[in-house]
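>>> 3D model of this:
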Amino acid sequence: MAADRAAPDQTDPGAPRTPSVLFPEGAARPGTAPPEPDCFRDLNLDQLVDALELCRPAYGLAPFFRARPGDLCTVGHRQAVFRDLAELPALADRIDGFGERMREVRDRLRRAGAMRHRYQAADWSLEAVHAYTAACTGLARDLARAAPRSPALRAIAAYAASYVASAAFTALARDARRLQEQLDDVHYCLLITPGRVRVSAYEGQGDYGAEVLADFERFRQGETKDHRSRFRSDEVMNHVEEAVLDRVALLYPDVFAELERFRERHADFLDPGITAFEREIQFYLAYRAFTAPLERAGLPFCLPEVAAGAKGDRELGAEGVFDLVLADKLVREGTRVVLNDFRLSGPERFLVVSGPNQGGKTTFARAFGQLHRLAALGCPVPARRARLLLCDGLFTHFEHGERLDDPGGKLYDDLLRVHAVLERAAPGGVVVLNEVFTSTTLDDAVLLGTRTLRQFIDRGLIGVCVTFVDELSRLGEATVSMVAAVDPADPAVRTFRIARGPADGLSHAVAVAERHGLTHDRLRARIRP
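Below you'll find the predicted structure:
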């Protein structure tokens, strides 16, 4: 949890201190909203964050995913929580249920604030306390029974157990229970005549409603539609209901006075540690909820081994990699998701990906970038297994369309953006380049691309470069050539597989043109009179 959260009242010697366990580095504090990293739109991570926020709209999860990743200790800390939630699915469901109950608590408090009648508002506050004490007690019980292994959830379990045993919490639950018992003992009589409602004390009169139902029970011939109108206590009362309640309060002045005192006495009953845990655990639960349909569809996820960015520690790679955001769309459409592998070993630093258009090159590059960002956040990554670099910065350069209002032109824009990345990138960083320098001549593209890649390599960065310039794949032992494959039987069919192999310079454009009837001969035949 964030280190700057307020602690509960320490005047109670039994009150526990607020733990800082789920996010010990304090990267995502309530109310803070780090700007969206530059790489998010290129990698479609902005779409992932939007989906996660839609999954848990009450919590504002964007700061958790936008925050600067932590160190290896933080990554391991978060991975342990994800591992617990995966290995203890019943606990994950219970914690998710705890979040639902806490949302009910806030909903009841919101309704209490919207009520214009003081007794109805106070009653909604009492209902909120009932829901809260049940949620906290259930959380402490569930965590104790599950016996999680991660330091974070073990600390939360100890905190919750200490909190529900504290004098403050037990007094809150006891006061709420006693007050509810008093309210349950409130009985009164209503005499409704034309133009008048009389409220009087209950003096043992019979329940005429029950007697009428009993009389008609003998004529019942099976299940029938219930035509009774139900009183909805969540609505603001009308003036008649308010007047009735005021007169009932006159019959039981002590009970209703205690109801108002209870609301005042426990106005701030929410514990900062419990509410902090409720919000911060959503980072884990929301991500699990997003990936669950993909796992059910057979796509692999793993907790990667994450290596420090020290120079020379470059035995990196992954198997069964896919673009997480694209896979979500394809699974919902019932379309197959293609998995790919990559590795960097020894002196290798950059994957240079070439091949025909629409062959999956950009998707592969996005998956590479997504993998490293998610790994740095401590999340399970979309791969069967992976060993990745804990990147000290993730930088992207994806092709942008030329702007008519830009006097410098596209090449000038490319140079400025590459220069900005070079200024910010440091050893241990990850770079994803996609179709850079496409607006110039081939000779210039070779020259500029070569100098750019060599600078990234010399600065100790790793990455992937999607390019139409085959020469970039042959810069030396630091570059690895990968090629987007096509169906050998029909070169117009893309397999979306990206595999190691020498760049062949083939775009298979003729096969595509033939497939769509756009070759020179077929066009001439169609336009010839």
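>>> can I get the CA coordinates of stretch 72-88 in CSV?
What follows is stretch 72-88, C-alpha atoms only, in CSV (Å, rounded to 0.1, in the frame of the first residue of the first chain):
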residue,chain,number,x,y,z
LEU,A,72,13.4,-6.4,-8.9
CYS,A,73,12.3,-6.5,-5.3
THR,A,74,9.0,-4.8,-6.2
VAL,A,75,8.5,-7.1,-9.2
GLY,A,76,9.0,-10.2,-7.1
HIS,A,77,6.7,-8.7,-4.4
ARG,A,78,3.8,-8.3,-6.9
GLN,A,79,4.4,-11.6,-8.7
ALA,A,80,4.0,-13.3,-5.3
VAL,A,81,0.5,-11.8,-4.9
PHE,A,82,-0.4,-12.9,-8.4
ARG,A,83,0.9,-16.3,-7.7
ASP,A,84,-1.2,-16.6,-4.5
LEU,A,85,-4.4,-15.4,-6.4
ALA,A,86,-3.7,-18.0,-9.1
GLU,A,87,-3.0,-20.9,-6.7
LEU,A,88,-5.8,-20.0,-4.3
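>>> And the host helix or strand of residue 317, what's buried?
Per DSSP states H and E: residue 317 is located in strand 316-321. Buried residues in strand 316-321, counting neighbours by 16 or more other C-beta atoms under 10 Å, are found at 316, 317, 318, 320, 321. (Each C-beta comes from the backbone N, C-alpha and C, glycine too.)
>>> Switch these over to a markdown table; also include distance to residue 379 and pLDDT.
A markdown table is the format used below for the buried residues of strand 316-321 (distance: C-beta to C-beta, whole Å; pLDDT from 0 to 100):
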| residue | distance to residue 379 | pLDDT |
| --- | --- | --- |
| 316 | 18 | 93 |
| 317 | 18 | 95 |
| 318 | 14 | 97 |
| 320 | 16 | 97 |
| 321 | 15 | 97 |
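>>> Tabulate those in CSV, adding columns for distance to residue 35.
Converted to CSV, the buried residues of strand 316-321 look like this (distance: C-beta to C-beta, whole Å):
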residue, distance to residue 35
316, 29
317, 32
318, 29
320, 33
321, 28
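>>> Looking at this protein, which helix is longest?
Looking across the chain with DSSP state H, the single longest helix is helix 118-146.
>>> With only the CA atoms kept, save the helix or strand following that helix in PDB.
Using DSSP H and E, the helix or strand that directly follows helix 118-146 along the chain is helix 151-164. Output in PDB follows, covering the C-alpha atoms of helix 151-164 (Å, rounded to 0.1, in the frame of the first residue of the first chain):
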ATOM      1  CA  PRO A 151       4.400 -11.500   2.100                       C
ATOM      2  CA  ALA A 152       1.900  -8.900   1.000                       C
ATOM      3  CA  LEU A 153      -1.200 -11.000   1.600                       C
ATOM      4  CA  ARG A 154       0.300 -12.500   4.800                       C
ATOM      5  CA  ALA A 155       0.700  -8.900   6.100                       C
ATOM      6  CA  ILE A 156      -2.800  -8.000   5.100                       C
ATOM      7  CA  ALA A 157      -4.100 -11.200   6.900                       C
ATOM      8  CA  ALA A 158      -2.300 -10.100  10.100                       C
ATOM      9  CA  TYR A 159      -3.600  -6.600   9.700                       C
ATOM     10  CA  ALA A 160      -7.200  -7.600   9.100                       C
ATOM     11  CA  ALA A 161      -7.100 -10.100  12.100                       C
ATOM     12  CA  SER A 162      -5.700  -7.400  14.400                       C
ATOM     13  CA  TYR A 163      -8.200  -4.800  13.100                       C
ATOM     14  CA  VAL A 164     -11.300  -6.800  13.700                       C
END
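>>> any idea how far helix 151-164 is from the chain center?
The chain centre lies 23 Å from the centre of helix 151-164; the measure is C-alpha atoms, centre = their mean, to the nearest Å.
>>> Now do it against helix 118-146, angle only.
For helix 151-164 against helix 118-146, the angle by axes from the mean of the first three to the mean of the last three C-alpha atoms, to 10 degrees is 130 degrees.
>>> neighbours of the residue lying closest to residue 202 once chain neighbours are set aside, just the number please.
Nearest residue to residue 202, sequence neighbours excluded (C-beta to C-beta, 6 or more residues apart in numbering): residue 187, at 3.8 Å. Burial of residue 187 is recorded as 13 neighbouring residues (other C-beta atoms under 10 Å).
>>> how about the strands in the stretch 351-500 of the chain?
Secondary structure of the stretch 351-500 of the chain, counting by DSSP state E, counting those that start in this stretch: strands at 385-389, 394-398, 430-434, 462-466, 479-487, 490-500.
>>> can I get those in JSON lines with mean pLDDT?
Formatted as JSON lines, those follow (pLDDT from 0 to 100):
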{"stretch": "strand 385-389", "mean pLDDT": "95"}
{"stretch": "strand 394-398", "mean pLDDT": "91"}
{"stretch": "strand 430-434", "mean pLDDT": "94"}
{"stretch": "strand 462-466", "mean pLDDT": "94"}
{"stretch": "strand 479-487", "mean pLDDT": "91"}
{"stretch": "strand 490-500", "mean pLDDT": "85"}
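>>> List the residues that contact residue 480.
344, 348, 350, 351, 352, 473, 500 (C-beta atoms under 8 Å, 6 or more residues apart in numbering).
>>> Next one: the second one relative to residue 410, how far apart?
Counting by C-beta to C-beta, to the nearest Å, the separation of residue 348 from residue 410 is 31 Å.
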